[in-house]
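Peer 1: Generate coordinates for the sequence data below:
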Amino acid sequence: MSFRHNQLLLLTLLILLTACARQPAVKSPTETLIETSPTATNNWLNLQERTPYPHNTPLPATERTLIDGTYAKFDETWPQWWACRRCADYRPAGGIWKLRFDQGVMRIYYNVTGWTSIASYEIKGDRLFLFNDPYCPDEVGEYRWRLEDRWGLADRFLTLKLVEDGCSIRLRGENLSAQEWGACFPPNEMTGASDHFRKPVGCEDPLPSQLRGYEVGTLSVDVTVYKGEARQFVVKPDVIANANSDEMLSPEGIEVRHNDESIPYGLSRVLWGEGSWVEAVTSEDYESIGVQIFGDYTIGWARVLFDSEEVWRGNTAEIWNEFGRFGGYIEVTSFTPGEHVIRVESLGFDYHPVTVAFFGFSHTAGLQVEE
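Peer 2: Have a look, this model is predicted:
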């Protein structure tokens, strides 16, 4: 056998081994979650360690200013529930925005997608100047600022009135000046010592009581949580009813309903805000009824109710993820014949959207993810 022939055999073997190594691992329904989406806490905390780079303007003096502190606002418009690598920076969108001024460094964060930015700032009288922003290093933004004190007797709000700012096709100015920013710090030392002051939405993390739901072993039905998209399973639901029944009628014997706060998104519905819901009702003879949560990493906390009983609660992004898709299928079984209602509700306290793809129905209980 020639030397060249041996080389070809070796090259072929290496190609085969590389191809095998790149095959994605198959996940089972009981496998522990390995990877999660960007989280609010991590992104916000990591941002505090970053400082601006002096692109074209020297860094300002490291000293406190009159507006130093952390602020938050809640944008009530629709959120950005989709992943986007080319969306414009600073684009206003629904959800929590946090803003911090700290000794010449401005930090800003969008809770839904985890987007962040940083810049230098200076205060001159009632003017705020922003510069050294990595998204627009050549731009200098100018604003009139006002921090309502009300003699320390009420909540404090920071108002930024746009003078001129061309950063990110003027979206930075639109975002910062669209509404007032609530202060996450107390109006005076007395209320600060007692911690008895109203903190704006977005200043604090969810309470432990909000994260707790049903107790395992107390349910009247059986619940199974599957990782993945149920239509791709080996044994999949017999009947599918899309969450957005306005776009496609549900199969006979099934009614899908939603409240006005949920957002149509193709054949799916996006739950947004506390208590936003979508549900399916049927009296057909099924042994398995479930719901598919399926979206981008932006999806958050929700709960599932079956005949008004909470049967599951959790962060939907942490059920499963693969190839940039997140969520899972939640199946309810062991219920008696009759009319049944399965509902998904957004818990809202984390201010993340939840994308509901469809409801599934089977005449035999139990699905199968793989062979």
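Peer 1: And for S346, nearest residue in space, chain neighbours not counted?
Peer 2: Excluding the flanking residues, the one nearest S346 by C-beta to C-beta, 6 or more residues apart in numbering is L271, at 3.7 Å. No exception for glycine: its C-beta is placed from N, CA and C like everyone else's.
Peer 1: so P187 touches F157, yeah?
Peer 2: No: P187 is beyond contact range of F157, at 10.3 Å (criterion: C-beta atoms under 8 Å).
Peer 1: For the stretch 101-250 of the chain, which segments count as strands?
Peer 2: Using DSSP state E, counting those that start in this stretch, the strands of the stretch 101-250 of the chain run over residues 105-110, 116-124, 127-131, 141-148, 157-164, 181-183, 222-227, 239-242.
Peer 1: Out of the ones you listed, flag the one nearest I299.
Peer 2: Among the strands of the stretch 101-250 of the chain, strand 222-227 comes nearest to I299, with 14.2 Å by C-beta to C-beta.
Peer 1: Direction included, what does that closest one pair against?
Peer 2: strand 325-333 (antiparallel) (DSSP bridges).
Peer 1: Give me the contacts around the strand it pairs with.
Peer 2: Residues outside strand 325-333 that contact it (C-beta atoms under 8 Å, 6 or more residues apart in numbering): 37, 221-230, 233, 287-297, 299, 304, 306, 311-312, 316-317, 319-321, 342, 355, 357, 360, 365-367.
Peer 1: so where's this protein shaky on pLDDT?
Peer 2: 1-41, 149-155, 188-197, 206-217, 371 (pLDDT under 70).
Peer 1: go with 50
Peer 2: The model of the chain has pLDDT under 50 over residues 1, 3, 8, 11, 13-40, 151.
Peer 1: From E255, how far off is the spatially closest residue to W78 that is not a sequence neighbour?
Peer 2: Nearest non-adjacent residue to W78, counting by C-beta to C-beta, 6+ apart: G94, 5.1 Å away. To E255, G94 is 29 Å away according to C-beta to C-beta, to the nearest Å.
Peer 1: Of the two, give the one with the bigger neighbour count.
Peer 2: Remark: of G94 and E255, G94 carries more neighbours, 20 against 13, as counted by other C-beta atoms under 10 Å.
Peer 1: is it true that the more buried one touches K73?
Peer 2: No: the pair G94 / K73 is not scored as a contact, 11.0 Å apart, by C-beta under 8 Å.
Peer 1: Who are the packing partners of whichever helix or strand V344 is part of?
Peer 2: Applying DSSP states H and E as the criterion places V344 in strand 340-346. On a contact count with 3 or more C-beta pairs under 8 Å, 6 or more residues apart in numbering; DSSP states H and E, strand 340-346 meets strand 268-271, strand 277-282, strand 288-295, strand 301-306, strand 354-362.
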